[in-house]
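Engineer: turn this into a structure:
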Amino acid sequence: MAGQKDRETGSELGFFYGYLVVVASLLIMSVMWGGYYAFGVFFKPVLNEFGWTRAMTSGAFSLASMINGLLTIAMGWLTDRFGPRMVMTICGLFLGLGFILMSQISAISHLYLFYGILVGAGMSGSFIPLMSTVSRWFLKKRSSMTGIVAAGTGVGALIGPPMASRLIPIYGWRLSYAILGGIVLLVVILFAQFIKRDPAQVGQVAYGENQLGREGLNLKVEGLSLKEAVYTNPFWVLFATGFCYGYCVFATMVHITPHAIELGIPAISAANLIATVGGLGIIGKVLLGRVGDIIGNKHIMIVGYILMSAVLIWLVQAEKTWMLFSIAGIFGFGYGGITISHSPLIAELFGLRSHGLIFGVWDISVMGGAAIGPLLTGYIFDMTGSYRRAFMLCAMIAFAGIILASFLKIKGGRK
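Structural biologist: Residues are numbered from 1 along each chain as shown. Coordinates of the predicted model:
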């Protein structure tokens, strides 16, 4: 009936624009992270051509993570202030150009400039602006919807590395990077134009706002400012868990393919390990995102760290192909659960007033771990000739994540 508004969304058209935001965000997330995770596939060809050490080559990824973390604060603030469309357009431009210029490197300085700085700057918009925006569109189903968008990192891992592993033997690693960059430019900039900052821009309200009271959602909708949030204990506990997450995930994603090749597994099969992490990561994000709406996101985080720590211990001794793929799958499922817990936990702990900015500052911890993890893992290999000690260190850091997550206190909600 004309003029009758939907109870959940306030829409008179029967269509909630937030679903389009979710789809566009998922596509953008998939393409950006697909290119980023392909670094492990390009690792050996670049290493073989230039003869750099693993630590030197990993250092470019670590620099990208540092730049990503530093600029994420600005991207969170810009998203709160100007909206995600501008942020994602600029980041898509930087990321696409960074990948294209990787095809022209001839010195270590080029690697650090094009990948470390340009790709790092582009990736600063790959998670926080999208997740923060989706959180503004949904009160009910928030964990489920952010889980779908966060699954884009898994989709990227599922598609990007295998695609790169097939392009490289045909076109070489240089042209393959140029192709990757062109795809990123087109998809990210195009779909960024469909993302709106909040429901008010299209005359709607957040999904579920008209039915669910704030008390029932356990959310401080107005929330804390960044200054207020950083003076709370939960912020720093969550900050520490972010470091554990970043260290373990990115050390594994960068080095699991070279590790498999060292064990004699063919390069294409080794690249499929990252795809396995991504594929099970998708399931973990979507399934555990739904479960998080029921049992609470703190518990999802703890389960994720338990799975990660267990399989990283297994990885220290695993040598058979089936073991590595089993480890990759369980690791992906666990890390997917941790990934989806972050944005809803920040909303539950600190509200939505400065969600993007708080999320961006918190993300420094993740990018700090992402910077140190791959670099230190490569250095340990250079010193010992094996990844065993490096992966055991990852397992210990994941175990620390279990302990830290158990100390998080959600006031008025699930403990």
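
Engineer: low-confidence ranges in the stretch 51-200 of the chain?
Structural biologist: The stretch 51-200 of the chain contains residues with pLDDT under 70 at 143.

Engineer: which other helices and strands does the helix with the most length in the chain contact?
Structural biologist: For the chain, the longest helix by residue count, based on DSSP state H, is helix 142-192. Counting contacts by 3 or more CB pairs under 8 Å, 6 or more residues apart in numbering; DSSP states H and E, helix 142-192 is packed against helix 18-37, helix 39-50, helix 84-102, helix 128-137, helix 267-295, helix 321-350. For the C-beta atoms, the positions are set from N, CA and C on the backbone; glycine is no exception.

Engineer: which of those helices sits most buried?
Structural biologist: When the helices and strands packed on helix 142-192 are scored by mean count of other CB atoms under 10 Å, the highest mean neighbour count falls to helix 128-137 (a mean of 28).

Engineer: residues in contact with that helix?
Structural biologist: Residues from elsewhere that reach helix 128-137 (CB atoms under 8 Å, 6 or more residues apart in numbering): 17-18, 21-22, 25, 28-29, 72, 75-76, 78-80, 84, 87-88, 91, 142, 145-146, 149-150, 152, 195-199, 206-207, 342-344, 347, 352, 355-356, 359-360, 363.

Engineer: likewise stretch 391-409?
Structural biologist: Residues from elsewhere that reach stretch 391-409 (CB under 8 Å, 6+ apart): 233-234, 237-238, 240-241, 244-245, 247-248, 251-252, 298, 301-302, 305-306, 308-309, 312-313, 315-316, 338, 345, 349, 369, 373, 376-377, 380, 415.

Engineer: just the ones of these in helices?
Structural biologist: Per DSSP H, the contacts of stretch 391-409 map to helices at 233-234, 237-238, 240-241, 244-245, 247-248, 251-252, 298, 301-302, 305-306, 308-309, 312-313, 315-316, 338, 345, 349, 369, 373, 376-377, 380.

Engineer: for Leu324, see how far away Pro84 is.
Structural biologist: From Pro84 over to Leu324 the distance is 37 Å, taken as CB to CB, to the nearest Å.

Engineer: got the contact list for the nearest residue to Val202 once chain neighbours are set aside?
Structural biologist: Spatial nearest neighbour of Val202, excluding adjacent residues (CB to CB, 6 or more residues apart in numbering): Tyr17 at 4.8 Å. Residues counted as contacts of Tyr17 (CB under 8 Å, 6+ apart) are Ser11, Trp137, Lys196, Pro199, Val202, Gln204.

Engineer: just the pLDDT for the first one.
Structural biologist: It stands for Ser11. Per-residue pLDDT puts Ser11 at 51.

Engineer: circling back to that earlier point, so can I have TSV of the helices and strands packed on helix 142-192 showing distance to Ser225?
Structural biologist: TSV is the format used below for the helices and strands packed on helix 142-192 (distance: least, CB to CB, whole Å):
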stretch	distance to Ser225
helix 18-37	25
helix 39-50	36
helix 84-102	20
helix 128-137	15
helix 267-295	26
helix 321-350	9
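
Engineer: out of these, nearest to Leu226?
Structural biologist: helix 321-350 (8.8 Å; CB to CB).

Engineer: relative orientation of the closest one and helix 128-137 in degrees?
Structural biologist: 60 degrees (axes from the mean of the first three to the mean of the last three CA atoms, to 10 degrees).
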